[in-house]
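Colleague: build the 3D model from these lines:
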Amino acid sequence: MKLWTNEPSKQEAEALITEYFQLLQNGKLNEANDMIGGAYDDWLDAIFVVWEDHYLIHEIPKDSSFEGKEWLNDLTWLKDLTIKPEMEWINDSYVWADFIYRGEPSGYVGEFSIQKTDDGYTVRREMFKMA
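Modeller: Next up, the predicted model:
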């Protein structure tokens, strides 16, 4: 997890979130999760919900269940997931990154927060949700 000794600037936090989404686009789920941890232990559930609400609108997979893991075994669908370059800050400690899927805004955001820990400051994923 990226750690700063001083509170990161908005630009530093946004750069980290952008890098995080680049890892997701390239199917590097573990690296992304290691870079920015989550507020909840729901990482794979969060990715599955993004798949359901983005990929399944456009495609019909052989198995759309969580247990079937088609969403996890073939991560090429993530290539179509990006975020808007401009992020929205709330109270200087929460930031929303708007999802874009296949070139269109999806109505989803990634909500992140800046958190103070015993060792410094970090960015944490709060949730992926409909805005």
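Colleague: and the gap between the most centrally placed residue in the chain and E70?
Modeller: Centroid-nearest residue in the chain, with CA atoms, centre = their mean: G110, separated by 5.3 Å. Distance, G110 to E70, by CB to CB, to the nearest Å: 23 Å. Every residue, glycine included, has its C-beta placed from N, CA and C.
Colleague: K129 too?
Modeller: From K129 across to E70, the span is 23 Å (CB to CB).
Colleague: likewise W43?
Modeller: 18 Å.
Colleague: and for Q25?
Modeller: Counting by CB to CB, the gap from Q25 to E70 is 18 Å.
Colleague: repeat that for P8.
Modeller: From P8 over to E70 the distance is 37 Å, taken as CB to CB.
Colleague: quick one: which of these two has more around it?
Modeller: More neighbours surround P8 than the other of P8 and E70, with 19 against 15 (other CB atoms under 10 Å).
Colleague: what's across from the closest residue to the more buried one other than its chain neighbours in the sheet?
Modeller: Closest residue to P8 apart from its sequence neighbours, by CB to CB, 6 or more residues apart in numbering: Y121 at 5.9 Å. Y121 forms beta bridges with W4, K116, as assigned by DSSP bridges.
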